[in-house]
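1. below is the sequence, then the predicted model.
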Amino acid sequence: MEEFLKSVPGAEELFAWFGYWPAFQAAEVISLVLIRSGPSTLGLRTWHTTGQVDDGGCSIKDKHVVVNFKMEEILSVAFSNFSNQSVISGLEILLDKNCYRLNLDPSYGLAGSISARMLSIEIEPAAEGLI
């Protein structure tokens, strides 16, 4: 993990935001922008679940953030089930043959993978609730 955090610009900031590397369980895909001659972006909205519940019995979440994965030199794209709302059950990032592969495990909607030679991460704090 330490090597990954140092090799991907912005990864250490994301780790610091949560104090751990997020699993992106129940993260919402809010954008997918593919550009053939420039950076493409996958935007995921996620948060930290505190382990506490509110008076209504719902999990209390904090540290809401939009994580933008910026990818350059796209090598492959394989997505299915794009919809107006897509929720993933997890995100796996692999370094494979000198490229990064992002695998989106589906929960509802978008599923698939994208591979690129370069990857960076930008985070944007987000308000609680829907974007």
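-> Received it, and whenever you're ready, just let me know what you need. Residues are numbered from 1 along each chain as shown.
2. which helices and strands sit right next to the helix or strand of the chain with the lowest mean pLDDT?
-> Of all helical and strand segments in the chain, the minimum by mean pLDDT, DSSP states H and E falls on helix 2-7, at a mean of 86. Packing partners of helix 2-7 (3 or more CB pairs under 8 Å, 6 or more residues apart in numbering; DSSP states H and E): helix 11-18, strand 86-96. (Each C-beta comes from the backbone N, C-alpha and C, glycine too.)
3. which strand or helix spans the residue most central in space within the chain?
-> The centre of the chain sits closest to Leu44, judged by CA atoms, centre = their mean, with a distance of 4.4 Å. Remark: Leu44 resides in strand 40-53, with elements defined by DSSP states H and E.
4. and that strand with strand 86-96, angle?
-> Here strand 40-53 runs at 120 degrees with respect to strand 86-96, directions being taken by axes from the mean of the first three to the mean of the last three CA atoms, to 10 degrees.
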